[in-house]
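Asker: Here is my input, please return the structure:
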Amino acid sequence: MMVCEYKPGLEGIPAAQSSISHVDGQKGILEYRGIRIEELAEKSSFLETAYLLIWGQLPSKDELKTFEDDIRSHRRIKYRIRDMMKCFPESGHPMDALQASAAALGLFYSRRDLHNPAYIRDSVVRLLAIIPTMVAAFGLMRKGNDPVKPRDDLDYAANFLYMLNEKEPDPLAAKIFDICLILHVEHTMNASTFSARVTASTLTDPYAVVASAVGTLGGPLHGGANEEVIQMLEEIGTVENVRPYVDDLLQRKAKIMGFGHRVYKVKDPRATVLQNLAEQLFAKFGHDKYYDIAQEMERVVAEKLAGKGVYPNVDFYSGLVYRKMGIPTDLFTPIFAIARVAGWLAHWKEQLAENRIFRPTQIYNGKHGINYIPIDQR
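Answerer: So this is what the prediction gives:
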C-alpha cells in the first residue's frame, strides 16, 4: 500500500486544474483569466469582470448590457424569504443570515438541471442579483426597519449602497465600491472556493454551493479578518502605541490580523490598490486617524517581518475603505461574499465541465483492536 505524505491544510497540493485565476506570490501578481488585477480595477466594472470569470472571455457591448439588464430585473427577493429573514435574531451575525438566506433560495429555484445552459445562466444571474439585496435587507431589518427596494436605474454597486442607506451614494464612493468588488471576486483555490468546488462535485444545486462557501468565508482566518483588523486598529488607538502593540504580539507569537498570506511573500497587489482607494476617499470625505495607525503598523511589521515575507494582505486596508463609506463593521465579510459569489460560480461552472466528486484520503492515527465495554462495566 502506498504511504501518502500528510500535508496539514493540504498546503501545496493541487486540488483542481483551473483557468480562472492565477497568483504569483513571489512577484505579487494576480490575474483573472490572464488579465492583471490592476488593469481590471482601472478599466473594468464588477459585472464585466464577473462575466469574464464565469464565461471565460470579456463580453461584447451587447452581451454586457444584456447581462446587466438581466441582473437588474432579478434583484428583488420573494416575500417568503423576506418574512423568514425578519424572524432571524437581531443579534445574529449577518454572515449567518446570508448563509441561511442563500440556502433558502434553493427551495424556490433549485431544479438541478445542471446540463442545461439556460439553467446555469439563470442561476448565475439570480445569485449575483439577489445576494446584495439579502445583505442590505438584513442590515436594515435587524434594526427593526423594512428593507429598501432596489432601484433599477442604479448600477450594481450604487444600488447596493442605496439599499443599505436609503440614500443615493456619491459617484466616487460607488465607483470605489465597485472596484472593491473586483478586487475580492476571485483568488484561486482559497478555503471558500475549495468548499464551493467540493460541494459542486456532488452535483447539488448552485444555491447549496454558494451557501457552503459563505459558511467557509465567515471564519476569521478567511473573510472575517477585515473585521478583526478594524477592531485591532481601534484597540491600538494611537500611532505611538503601534510598536509596543506589535512587539507584544510577536512576543506572544500571536497572529497580526491583516498581515501575511499563504501565497503572497510580498505585499498583496489588492492591498496596494485598496490603499490608493482609501486615500481617494479620505481626500474627498475627510481623513481617518486609523489610517495613520495602519500606515505605521505596516512600517513596523515590515521592519520586523519583511525578511519572512509578511506584508499586508487584502484584508488590511479594505475595512478602512468600507468604514469611510459608513458601512457597519459586521457587514464587511458579507460584502466580501457579494463579490466572491461570482468567483464561486465560475468554479462551479468549471467543476461541472469535467466533474469528479472529491474524495481525499486520510492517514489514520488511532488505535486498533479495542474491545467494546458493556455500559454497566464502564
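Asker: Give the burial count for the closest residue to residue 245 other than its chain neighbours, as a bare number.
Answerer: Spatially, and ignoring its direct neighbours in sequence, residue 245 is nearest to residue 236 (5.0 Å; C-beta to C-beta, 6 or more residues apart in numbering). (Each C-beta comes from the backbone N, C-alpha and C, glycine too.) A count of nearby residues for residue 236, using other C-beta atoms under 10 Å, gives 20.
Asker: can you tell me how far residue 236 sits from residue 249?
Answerer: Going from residue 236 to residue 249 by C-beta to C-beta, to the nearest Å gives 11 Å.
Asker: got it, and residue 367?
Answerer: Taking C-beta to C-beta, one finds residue 367 at 39 Å from residue 249.
Asker: Pick out whichever of the two has more residues nearby.
Answerer: Legend: neighbour count by other C-beta under 10 Å for residue 367 and residue 249, higher for residue 249 (16 against 6).
Asker: part of a helix, is the more buried one?
Answerer: Yes. Applying DSSP: H, G, I helix; E, B strand; the rest coil, one finds residue 249 inside a helix.
Asker: Any idea which residue is closest to the centre of this protein?
Answerer: With distances taken as C-alpha atoms, centre = their mean, the chain has residue 336 as the residue nearest its mean C-alpha position (3.3 Å).
Asker: Quick one: neighbours of the spatially closest residue to that one that is not a sequence neighbour, just the number.
Answerer: Excluding the flanking residues, the one nearest residue 336 by C-beta to C-beta, 6+ apart is residue 223, at 4.3 Å. When neighbours are counted by other C-beta under 10 Å, residue 223 registers 28.
Asker: What does the pLDDT read for residue 223?
Answerer: What the model reports as pLDDT for residue 223 is 80.
Asker: Same question for the one 4 residues further on.
Answerer: Residue 227 carries a pLDDT score of 88 in this model.
Asker: just residue 4 next, same as before
Answerer: Residue 4 is assigned 69 on the pLDDT scale.
Asker: cool, and the one 10 residues further on?
Answerer: Listed pLDDT for residue 14 reads 90.
Asker: and what of the one 3 residues further on?
Answerer: Per-residue confidence for residue 17 comes out at a pLDDT of 95.
Asker: Confirm it sits in a helix?
Answerer: No. Counting by three-state DSSP, residue 17 is not part of a helix but coil.
Asker: And the residue nearest to the centre of the chain, how close does it get to residue 251?
Answerer: Residue 336 is 31 Å from residue 251, by C-beta to C-beta.
Asker: repeat for residue 239
Answerer: Using C-beta to C-beta, residue 239 is found at 20 Å from residue 251.
Asker: Of these two, which one has the most company?
Answerer: Using other C-beta under 10 Å, the more surrounded residue of residue 239 and residue 251 is residue 239, with 15 against 8.
Asker: so that one touches residue 290, yeah?
Answerer: No. The criterion here is C-beta atoms under 8 Å, and residue 239 misses it with residue 290 at 10.0 Å.
Asker: got the residue ranges for the helices in the stretch 251-378 of the chain?
Answerer: Secondary structure of the stretch 251-378 of the chain (DSSP state H, counting those that start in this stretch): helices at 269-285, 289-305, 314-324, 332-353.
Asker: Mean pLDDT added to these, as CSV?
Answerer: Compiled in CSV, the helices of the stretch 251-378 of the chain are given as follows (pLDDT from 0 to 100):
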stretch, mean pLDDT
helix 269-285, 96
helix 289-305, 96
helix 314-324, 94
helix 332-353, 97
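Asker: possible to save the ones you listed as TSV with distance to residue 164?
Answerer: Output for the helices of the stretch 251-378 of the chain, formatted as TSV (distance: least, C-beta to C-beta, whole Å):
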stretch	distance to residue 164
helix 269-285	16
helix 289-305	21
helix 314-324	11
helix 332-353	9
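Asker: which residues of the stretch 51-200 of the chain fall in helices?
Answerer: For the stretch 51-200 of the chain, applying DSSP H, counting those that start in this stretch gives helices covering 61-72, 79-86, 94-109, 117-141, 156-165, 171-184, 191-200.
Asker: So which of the ones you listed is nearest residue 377?
Answerer: helix 191-200 (41.5 Å; C-beta to C-beta).
Asker: okay, the angle between that closest one and helix 332-353?
Answerer: Relative orientation of helix 191-200 versus helix 332-353 (axes from the mean of the first three to the mean of the last three C-alpha atoms, to 10 degrees): 40 degrees.
Asker: Nearest residue to residue 300 in space, ignoring adjacent ones along the chain?
Answerer: The shortest distance from residue 300 to any non-neighbouring residue, by C-beta to C-beta, 6+ apart, is to residue 246 (5.0 Å).
Asker: contacts for the one helix or strand that neighbour maps to?
Answerer: Using DSSP states H and E, the element containing residue 246 is helix 242-251. By C-beta atoms under 8 Å, 6 or more residues apart in numbering, the residues outside helix 242-251 that reach it are 235, 236, 254, 255, 256, 293, 296, 297, 300, 301, 304, 305.
Asker: Identify each buried residue in it, please.
Answerer: 242, 243, 245, 246, 249 (16 or more other C-beta atoms under 10 Å).
Asker: Tell me how far the residue nearest to residue 6 when sequence neighbours are not counted lies from residue 5.
Answerer: Closest residue to residue 6 apart from its sequence neighbours, by C-beta to C-beta, 6+ apart: residue 363 at 5.0 Å. As judged by C-beta to C-beta, residue 363 and residue 5 stand 9 Å apart.
Asker: Then residue 213?
Answerer: From residue 213 to residue 5 the distance is 28 Å (C-beta to C-beta).
Asker: ok, now residue 279?
Answerer: Residue 279 is 46 Å from residue 5, where distance means C-beta to C-beta.
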